[in-house]
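In: structure, please.
(4 chains)
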There are 4 protein chains.
Amino acid sequence: MEPRIEVGILGATGMVGQHFIKFLQGHPWFDVRWLGASDRSAGKKYRDATKWHLQGVMPDKEADLVVEECKPNNAPRLLFSAMDSSVATEIERAFAQAGHIIVSNSKNHRMDRDVPLLVPEINPDHLKIVPLQQRHRPWKGQIVTNPNCATVSLVMGLAPLKPFGIAQVIASTFQAISGAGYPGVPSMDINANVIPFIGGEEEKMEQETQKILGDFAGDHIHPLHAKVSAHCNRVPVVDGHLVTISVKLSAQPSQTDLMCAFDEFTGVPQQRALPSAPARPVTYMLQNDRPQPRQDAERDRGMAAFVGRLRACPVLDYKFVALTHNTIRGAAGAAVLNAELMHSEGMLD
Amino acid sequence: MEPRIEVGILGATGMVGQHFIKFLQGHPWFDVRWLGASDRSAGKKYRDATKWHLQGVMPDKEADLVVEECKPNNAPRLLFSAMDSSVATEIERAFAQAGHIIVSNSKNHRMDRDVPLLVPEINPDHLKIVPLQQRHRPWKGQIVTNPNCATVSLVMGLAPLKPFGIAQVIASTFQAISGAGYPGVPSMDINANVIPFIGGEEEKMEQETQKILGDFAGDHIHPLHAKVSAHCNRVPVVDGHLVTISVKLSAQPSQTDLMCAFDEFTGVPQQRALPSAPARPVTYMLQNDRPQPRQDAERDRGMAAFVGRLRACPVLDYKFVALTHNTIRGAAGAAVLNAELMHSEGMLD
Amino acid sequence: MEPRIEVGILGATGMVGQHFIKFLQGHPWFDVRWLGASDRSAGKKYRDATKWHLQGVMPDKEADLVVEECKPNNAPRLLFSAMDSSVATEIERAFAQAGHIIVSNSKNHRMDRDVPLLVPEINPDHLKIVPLQQRHRPWKGQIVTNPNCATVSLVMGLAPLKPFGIAQVIASTFQAISGAGYPGVPSMDINANVIPFIGGEEEKMEQETQKILGDFAGDHIHPLHAKVSAHCNRVPVVDGHLVTISVKLSAQPSQTDLMCAFDEFTGVPQQRALPSAPARPVTYMLQNDRPQPRQDAERDRGMAAFVGRLRACPVLDYKFVALTHNTIRGAAGAAVLNAELMHSEGMLD
Amino acid sequence: MEPRIEVGILGATGMVGQHFIKFLQGHPWFDVRWLGASDRSAGKKYRDATKWHLQGVMPDKEADLVVEECKPNNAPRLLFSAMDSSVATEIERAFAQAGHIIVSNSKNHRMDRDVPLLVPEINPDHLKIVPLQQRHRPWKGQIVTNPNCATVSLVMGLAPLKPFGIAQVIASTFQAISGAGYPGVPSMDINANVIPFIGGEEEKMEQETQKILGDFAGDHIHPLHAKVSAHCNRVPVVDGHLVTISVKLSAQPSQTDLMCAFDEFTGVPQQRALPSAPARPVTYMLQNDRPQPRQDAERDRGMAAFVGRLRACPVLDYKFVALTHNTIRGAAGAAVLNAELMHSEGMLD
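Out: Just a heads-up that it's a prediction; the model follows:
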């Protein structure tokens, strides 16, 4: 067995950082050896710097690591970034300049022209844009990003339909509280309530969807030419972003065509059997009241998307429901799968 | 002061029946004197026949009434119907044949050609269709209905926009558990979860909206010529149906035009100061995260609608959020306001 | 009609401050004319300084008041204190030294020897300790406090039993999230969960209960000689602290004796018909599954306590359940009732 | 590898039956081959007879089994019973008379003099009472039971303290909705609420605790001579029964003695490494706000108990908190561990 690749986590003490640690437990390729956080935490053992917010307790190995400042110095070459967006831009760049590979969950670089917004089953070829970074930026490193957590639910539901020509999309989200991190949403705001607003989220869903479903065009990503409209809402659910979707398609597929497209959808991660790849990226559920966040989000280690309730839409062509686990497929697991794809491409060698 | 009008409640022991009793406490015009329910309950005192599910405790006066069978006999002329749809059709007809006026919350007759689906601020003239009942049906009585609770949230949000030509509507609902009655939704299904399905609800929302916003055309109601698509979902909220709405308008109003239209919207109930009419049927909230069910549904006795977050929709023209209290404005309060309108028209004399 | 008494609120922008404003709407005696808060808010209009967290929207009158620094200067003589305990000690003393009457919800002075911990139905004579403040402290003002919100549920349940000799009490609480203020409890911590810990709460419940149920003894309050043990827990409920209570009594009353004691319990606020006094301070509910927070806490404007499920305890003598509304009877409403009692005693003249 | 033992499930279509199926997936000893349910379901495939209520979807193997009537006929010798208590008494006896071994989660036979109420870590020797069944009852079979789900949380917390002489116990429960089965608790009753009553539960907790912690005395189980008082309450939590406990001990152990007792507690299932035995039956958590149902109940496959917050009780001696997973350690998992113990004793040969 090959030695595992040492990895570090930028922003390790926050909620997403904790998800990285949890998701990487027992990973066959990546070994967490370095944890970076703010100056306030640096120098302390991780167990003393961090209140663990996830189910169960902090893993012992990471608990004993001493938290480092977020400076390149002794960090491993491969870093997962879970940094707050208020600081991510500069720190990620500093690491890229020092030659590191940053697989980031932060929003900061997602829409940069030369940065892939990667979903390995959907747009693995977008990785080809990375060399532009090294050509035009003052760095030898790389930055690769994954989408916003609500965007992931939408694009996993839409990607199988791309062959039919996605023209218009209206999506309304039911987003879990874990998507806001910790402390995140005050319970007084969301207990037995709905908040019909999440700052900046609708813009992200609309733009990121176009980029992710777009095409690599040599020196840029050509965005999908589709109109996308998002209504973003918070609901009192712990994990799992559900989204209702109405879609107009330029081809005229039958309902059966679409159901087959969902079930047959697969990609490079499945072909290469990447360690975190779900057996099937998208599963169409036949029960008329599924998928549901509490019942389905955690299936397949939280890496699969579930869709259901496909039916005709009186306004656009079809409507249906999609669900993914927001902190796994929509955050930590997404970035890890991105790194696995990069490794399988030889980009980590 | 005029003597109050005696009224009865068909289906008085169920959840909606309880809401009628609660809402009519202290009503200046209507005095609950007769409670009808299934044979199982008939003959018992209401307090013994009924487990009270609403906040607080059962009102003493009604608690002491003896529950009657749902047969015309000694019932008052005016009856509010809260009957389960499995029995409502026949029983409501029997009462109409016996000359009673049925103001019904049941779905059974809503889409009948000669039955108004009434929202007093929106379509008071639809009452003019009632005489057709007496012409073509074997009865001297009347049946008037109010919409499904989710439909109410949608039409209260749309009605102010009718002057701009509603062409297409896509709506996604966040419906409270109280909408399913009692015992209704099992807690195991909805605790910290979303159920993306409510049986029959989408069809009702789509069809009822067209009828309510349609025009009285002499011998029928001409439905609004607009495409309407609904996604219906249950969320763990106690009261208040929130709905996200994207709408295409045939005129090209500005955002300010629409905000004014919301705020200036008013109707006959306000002009006549009907007892249950809210001061303003629709209020546009300027806060960017409102309306919210737990914060806003109960305002103005649960009879007002709240809208917010009006903004451009990249697919249709505009998108926004609407909220009404589903068991009040969407059920018992709706029927009572209907009866008040009828009384102000002299239809109860 | 007498002119109303001008009052101010210290800590007006926080959650408890907002509850004071809401509870005092339309109060016949007290007129909110002055709002004090931190330097950060001072100088702004209340509407600009404050995000309103309660149901509905901010009252217009208060919204237009300019927030003041928490310094005596131009403040009214009577002040309700909703200040955070981190600053309450010094600020309340400064106001007392300047001659103000502070009716405080803060914990800071509750256990002071010369400060009443007042529940008007239970220990109105504890007000007699106030002159000691003016004798031994460098002030002409007064400080009067109300209990911790969880303590209130317990003492309202126990007070009717005091004649039977309360010897031992074990209480376990089910405390609503609103008790922690805003932002308070993160939803990630409490959604579909229980937190079996609230910092400092158990000590407060144990000590405050002994003081409240104690006797005025000339120059001090003699605490009730009873052992009290509290288990404090947070549950995902919006408003209403429920507590299960086992109690050992030195007399040997029958179950009927206790039920009568609950129902017959009354006090000075009822005799004097103080504006915020509930008709009955404690109501025994006969239904076997009541009281419940969502169904009962808001009854009687949130000022009444509800008890139920009285039965024999195999370890101590009896066990039962008690409930009060934590932000009303347990905070803002409690302080207002205290001020009403003081006014009826001529202490505000 | 030995062939696996064929097992059946009585009451397979209900919620507990589903938990048996889920928990037994991949079990090394037991192989589910027979599913019994009511006549209504008999003859159908399990997938058609059952709406699956647990996370994820129904396992394929069981889905294809044809449901049988609950009659001995062709059933395997070992049967797990998940039957509703309204029918369990007669059916379980019929199977016992036909020679079957019934490992039951139903309450019906728990308090029978010759039936063990088994918790393998606590009272494995109670199995010695089983031969009395065969001596005095008209059967060759056996009935062995596990406790009520709330009792399990209490006895797992108390058992480590038995050496110190348990004299008095007052417990207040925070019980999850899954404990009531399906459809179980209506969401209208429990959403954002607490129900301070669960029918029959307090009596069960009080009596079962004495039996479980009692001693085998040749021809009967001598119950623990301790007074036990339970307050049972439902809270809006999905899985995990938490209980606050005050206890009086006849010895005078230090707090450290008790913490050691919790952590060192172990039993036969651990010594024999039974397949479903948790590594440690009871874990003392040092964090001051743990255990919590959503964070801890599922750890160790739901088979471990967690305790915390040990501190002095001003009334009895000590107080603390205990938690177990109610549908696993408190139901299906409990019964499976019982059967594993029986197998390790040679009772299934």
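In: can stretch A:78-95 be found next to chain C?
Out: No. Using CB under 8 Å from any CB of the partner chain, stretch A:78-95 stays clear of chain C, coming no nearer than 15.9 Å. (Each C-beta comes from the backbone N, C-alpha and C, glycine too.)
In: buried set for that stretch?
Out: A:78-83, A:88, A:91-95 (16 or more other CB atoms under 10 Å in any protein chain shown).
In: any idea how far it is from the chain center?
Out: With CA atoms, centre = their mean, to the nearest Å as the basis, stretch A:78-95 stands 16 Å off its chain's centre.
In: cool, stretch A:39-47 as well?
Out: Here the centre of stretch A:39-47 is set off from its chain's centre by 27 Å, with CA atoms, centre = their mean.
In: quote the end-to-end distance of that stretch.
Out: 16 Å (CA to CA, to the nearest Å).
In: and for that stretch, what's in contact with it?
Out: With contact meaning CB atoms under 8 Å, 6 or more residues apart in numbering or on different chains, stretch A:39-47 is reached by A:12-13, A:35-36, A:49-50, A:58, A:62-69.
In: for ChimeraX, what selects the buried ones among those?
Out: The following ChimeraX line selects those of the contacts of stretch A:39-47 that are buried, judged by 16+ other CB under 10 Å:
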select /A:12,13,35,36,49,50,58,62,63,65,67,68
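In: can you name the two of the contacts of stretch A:39-47 that are farthest apart?
Out: For the contacts of stretch A:39-47, the maximum inter-member distance is 20.8 Å, found between A:58 and A:69 (CB to CB).
In: still on that earlier bit, which of the contacts of stretch A:39-47 fall in helices?
Out: A:49, A:62-63 (DSSP state H).
In: I'd like the residues you listed as TSV, with distance to residue C:176 appended.
Out: Output for those, formatted as TSV (distance: CB to CB, whole Å):
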residue	distance to residue C:176
A:49	32
A:62	36
A:63	34
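In: which of the residues you listed lies closest to residue C:220?
Out: Comparing these against residue C:220 with CB to CB places residue A:49 closest, at 47.2 Å.
In: what's the closest non-adjacent residue to residue A:268?
Out: Nearest in space to residue A:268, with sequence neighbours left out and distances taken as CB to CB, 6 or more residues apart in numbering or on different chains, is residue A:124 at 4.6 Å.
In: now residue A:208
Out: residue A:151 (4.4 Å).
In: same deal with residue A:307?
Out: Distances taken as CB to CB, 6+ apart put residue A:322 closest to residue A:307, at 4.8 Å, once the chain neighbours are dropped.
In: SS state for the one you found?
Out: The local conformation at residue A:322, judged by DSSP: H, G, I helix; E, B strand; the rest coil, is strand.
In: quick check: it vs residue D:127, distance?
Out: Separation of residue A:322 from residue D:127 (CB to CB, to the nearest Å) stands at 51 Å.
In: what do you get for residue A:209?
Out: Distance, residue A:209 to residue D:127, by CB to CB: 61 Å.
In: among these two, which residue is more densely surrounded?
Out: When neighbours are counted by other CB atoms under 10 Å in any protein chain shown, residue A:209 and residue D:127 differ, and residue A:209 comes out ahead with 28 against 19.
In: and the strands in chain A?
Out: A:5-10, A:30-37, A:68-69, A:78-81, A:101-104, A:142-145, A:166-174, A:215-216, A:221-222, A:227-231, A:241-249, A:282-285, A:305-312, A:318-324 (DSSP state E).
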